[in-house]
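Got a sequence here, can you build the structure:
(chains A and B)
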Amino acid sequence: MSIKMYNTLTRKIEQFKPLEEGKVKMYVCGPTVYNYIHIGNARPAVVFDMVRRYLEYRGYDVEYISNFTDVDDKIIKAANEMGEDVKTISEKFIKAYHEDTGALGVKTADKHPTVTETMPEIISFIERLVDKGYAYESQGDVYFRTRKFDDYGKLSHQSIDDLQLGTRIEVGEKKEDPLDFVLWKSAKPGEIYWNSPWGNGRPGWHIECSAMVKKYLGDTIDIHAGGQDLSFPHHENEIAQSEALNEKQMANYWLHNGYINIDNEKMSKSLGNFILVHDIIKKFDPNVVRFFIVNAHYRSPINFSDELLNSSENGLERIKTTYANLQHRLDETANLGEEKDKWIDEIDSHHDAFIKEMDNDFNSANAVAALFELVKTANLYLREKHTQKSVLEYFLKRMDDMAYVLGIKLIEEKELLDDEIDGLIQERIEARKNRDFARADEIRDLLKDRNIILEDTPQGTRWKRG
RNA sequence: GGCGGCAUAGCCAAGUGGUAAGGCAAGGGUCUGCAAAACCCUCAUUCCCCGGUUCAAAUCCGGGUGCCGCCUCCA
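Here you go, the predicted model:
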């Protein structure tokens, strides 16, 4: 068994073969940090974090890099509007990005390079493109000679001549050709700038990723990923820059995630239909948001609404309840010594299904279905009169494994109950023993008002937060 | 004008040639002191429409309809 993934470059699902056995070099385009991220920005962070987790789970050593664009027109604009400097703004939103994605269970990358700290490499990258004739200086700007790069359009499968027919490509007086794109922008008065061989200015948008990939991962990497809207022009331009300079394929596999929609339309800043992660996690457990995202295939568009989130919340609750029930039962169970039995085989079959689905282009929708099947099996097992510790532990282990890959948490931090509540629970247990059900129900209602839900099981009473 | 995606139950969503996963919601039942949780049963003779290929199509081919996206900053 091996992992397959859809490669935008070939438009096919391909067997994954890393450059180096057992290792994966992966780069994911990160955000421009001029605002809090919205759910649409969060999707690539979440789904490629899941890809990373899965590759690691399958034994790969993954080197994972994701950038922050911390200098850019939009940040300059935001800085001017807020009366702050660029650095203050970018630092603020880098911090916010880590908080928001962290809440969604996204692991920190091995390195989150910024444009500002990669400046020497960016400038040298551009210089070498100029030396090779792929770029030219024009009144303090530097442009890439798009037509000189023969493979231009290979990722988005656009013919360079069809692009010209589009009416939206700006001509620009400084360009030799309307298709040329900027590598270095000269600074306007008052703007933040760096010194360069072409005067004071700052990098264009695309060059940073080319420089960072080269610096941290090398000329050719295994996986380059990002949102679908980056495939053109961003990734196309990255390919042009990197392959023109390095004369090697930039990435073997290009992965792109689908959009998040609101009412079937792409969530975007310009439409104003975006929901900030910052805000939604005040309303829903971020764990629910994560579960919602991984519940669909990463390439499918997904609609986003409170109603759908509620549905996910209920589904996740079911999984968590089973997990808690397994743990509760574990405390009451001795190991009888019997080892191999049909339950173990059942667990294995669901785990195998999970692996098979994830192997197939990270089909987490089906992988979640496998998790639900495991939950169902666990619930059946929990109805047995006699359970074995080793089997319960194996259920928990496999649930842990799946939850790890999906990046969801199955366990709440159980804060300690205060003495009063604990006393009430004890009192109720006594009352039930004495068949004083009126008092028992009274206590249950009392606790319910305090958001403590009681469940009586043959193995005793357990509680959870509502 | 070019390139691409999608259309499956009340809702979400897999499935890309072998006879419709999974979840949410809903209804009925079992268990329970009552609940909760769980379990069982029911819930698409059918996959946007029309043709075609095939022993066999939601899946392949042709045509049509509708929605969405990229070609401009965008995850």
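
does the residue in the stretch 151-300 of chain A that RNA strand B sits nearest to have beta-bridge partners, and which?
Across the stretch 151-300 of chain A, the shortest distance to RNA strand B (Cβ to the nearest atom of the strand) belongs to A:Gly227, at 1.5 Å. (Glycine included, C-beta is placed from N, CA and C.) As for beta bridges, A:Gly227 partners with A:Asn257 under DSSP bridges.

residues contacting it?
A:Cys29, A:Gly40, A:Arg43, A:Pro44, A:His256, A:Asn257, A:Tyr259 (Cβ atoms under 8 Å, 6 or more residues apart in numbering).

Point out the ones among those residues that are inside helices.
Judged by DSSP state H, these include A:Gly40, A:Arg43, A:Pro44 as members of helices.

Kindly reformat these as a markdown table containing neighbour count, distance to RNA strand B and pLDDT.
Formatted as a markdown table, the ones in helices among the contacts of A:Gly227 follow (neighbours: other Cβ atoms under 10 Å; distance: Cβ to the nearest atom of the strand, whole Å; pLDDT from 0 to 100):
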| residue | neighbour count | distance to RNA strand B | pLDDT |
| --- | --- | --- | --- |
| A:Gly40 | 23 | 3 | 95 |
| A:Arg43 | 24 | 4 | 97 |
| A:Pro44 | 25 | 5 | 97 |
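
surely A:Asn264 meets A:Asn303?
Yes - the pair formed by A:Asn264 and A:Asn303 meets the contact definition of Cβ atoms under 8 Å, at 6.4 Å.

higher neighbour count, those two?
A:Asn303 (15 against 7; other Cβ atoms under 10 Å).

Check that one and give its pLDDT.
pLDDT recorded at A:Asn303 is 94.

quick one on the thing from earlier: now the contacts of A:Gly227 in TSV, with distance to A:Ile192?
Output for the contacts of A:Gly227, formatted as TSV (distance: Cβ to Cβ, whole Å):
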residue	distance to A:Ile192
A:Cys29	22
A:Gly40	27
A:Arg43	30
A:Pro44	27
A:His256	31
A:Asn257	31
A:Tyr259	32
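
can you tell me which of these lies nearest to A:Asp285?
A:Arg43 (17.7 Å; Cβ to Cβ).

tell me the domain ranges of chain A?
A:4-257, A:310-405, A:419-465 (automatic domain parsing).

Any idea which of these gets closest to A:Arg299?
Taking the domains of chain A one by one with Cβ to Cβ, domain A:4-257 is closest: 6.5 Å.

now the end-to-end length of the closest one.
16 Å (Cα to Cα, to the nearest Å).

And the lowest-mean-pLDDT helix or strand in chain A, how far out from the chain middle?
For chain A, the helix or strand with the lowest mean confidence is helix A:160-165, at a mean of 79 (criterion: mean pLDDT, DSSP states H and E). Centroid displacement of helix A:160-165 relative to its chain, using Cα atoms, centre = their mean, to the nearest Å, is 34 Å.

Past that helix, which element shows up next along the chain?
strand A:181-186 (DSSP states H and E).

and A:Lys409, what helix or strand is that in?
Counting by DSSP H and E, A:Lys409 is found in no helix or strand.

Can you get me a residue count around A:Asp456?
13.

Please apply the same query to the one 10 residues further on.
Residues contacting A:Gly466 under the criterion other Cβ under 10 Å number 10.

And it, how far from A:Glu455?
The gap separating A:Gly466 from A:Glu455 is 11 Å, by Cβ to Cβ, to the nearest Å.

Could you do A:Thr108 as well?
Counting by Cβ to Cβ, the gap from A:Thr108 to A:Glu455 is 37 Å.

does stretch A:282-296 come close to RNA strand B?
Yes - if you take Cβ under 7 Å from any atom of the strand as the test, stretch A:282-296 does meet RNA strand B, through A:Asn295, A:Ala296.

any weak-confidence spans in the stretch 251-400 of chain A?
A:336-340 (pLDDT under 70).

all helices of it, in order?
A:277-283, A:286-294, A:306-331, A:342-359, A:364-382, A:389-406 (DSSP state H, counting those that start in this stretch).

Export the ones you listed to TSV and append columns for mean neighbour count.
Compiled in TSV, the helices of the stretch 251-400 of chain A are given as follows (neighbours: other Cβ atoms under 10 Å):
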stretch	mean neighbour count
helix A:277-283	16
helix A:286-294	24
helix A:306-331	17
helix A:342-359	17
helix A:364-382	19
helix A:389-406	20
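
all helices in the stretch 1-150 of chain A, in order from the N-terminus.
Under DSSP H, counting those that start in this stretch, the stretch 1-150 of chain A gives helices at A:39-57, A:73-82, A:86-103, A:119-131.

Please work out which of those helices is packed deepest.
Among the helices of the stretch 1-150 of chain A, ranked by average contacts under mean count of other Cβ atoms under 10 Å, first place goes to helix A:39-57 (a mean of 23).

For A:Leu309, state which of the contacts of A:Gly227 is nearest.
Distances from A:Leu309 to those, taken by Cβ to Cβ, are shortest for A:Arg43, at 14.2 Å.

Determine whether any part of stretch A:239-251 lies close to RNA strand B.
No - using Cβ under 7 Å from any atom of the strand, stretch A:239-251 stays clear of RNA strand B, with a minimum separation of 13.3 Å.

and A:Lys266, what is it in contact with?
A:Gly40, A:Tyr259, A:Ile260.

brain fart, A:Tyr6
A:Lys12, A:Ile13, A:Glu14, A:Leu255, A:Arg299, A:Asp361.

Next: A:Val86.
Contacts of A:Val86 by Cβ under 8 Å, 6+ apart are A:Asp70, A:Val71, A:Ile75, A:Ile76, A:Ala79, A:Ile192.

cutoff 6 Å now
A:Ile75, A:Ala79, A:Ile192 (Cβ atoms under 6 Å, 6 or more residues apart in numbering).

repeat for A:Ala45
A:Thr101, A:Val106.

Okay, and A:Ile443 sits in which element?
Short version, using DSSP H and E: A:Ile443 is in helix A:437-449.

Might you quantify the distance of the very next helix or strand once past that helix from its chain's geometric centre?
As assigned by DSSP H and E, the chain's next helix or strand after helix A:437-449 is strand A:452-457. Strand A:452-457 has its average C-alpha position 35 Å from the chain's average C-alpha position, going by Cα atoms, centre = their mean.

What residues of strand A:452-457 count as buried?
Residues of strand A:452-457 classed as buried: A:Ile452, A:Leu454 (neighbour count, 16 or more other Cβ atoms under 10 Å).

contacting residues around it?
A:Arg444, A:Thr461, A:Arg462, A:Trp463, A:Lys464, A:Gly466.

So which of these sit within helices?
Short answer: these in helices (DSSP H) are A:Arg444.

restrict the contacts of strand A:452-457 to those near RNA strand B?
Applying Cβ under 7 Å from any atom of the strand to these, none is adjacent to RNA strand B.

Out of the contacts of strand A:452-457, the closest to A:Tyr34 would be?
When the contacts of strand A:452-457 are compared against A:Tyr34 (criterion: Cβ to Cβ), the nearest one is A:Gly466, at 39.2 Å.

what sits against the closest one?
Contacts of A:Gly466 by Cβ under 6 Å, 6+ apart are A:Asn451, A:Ile453.
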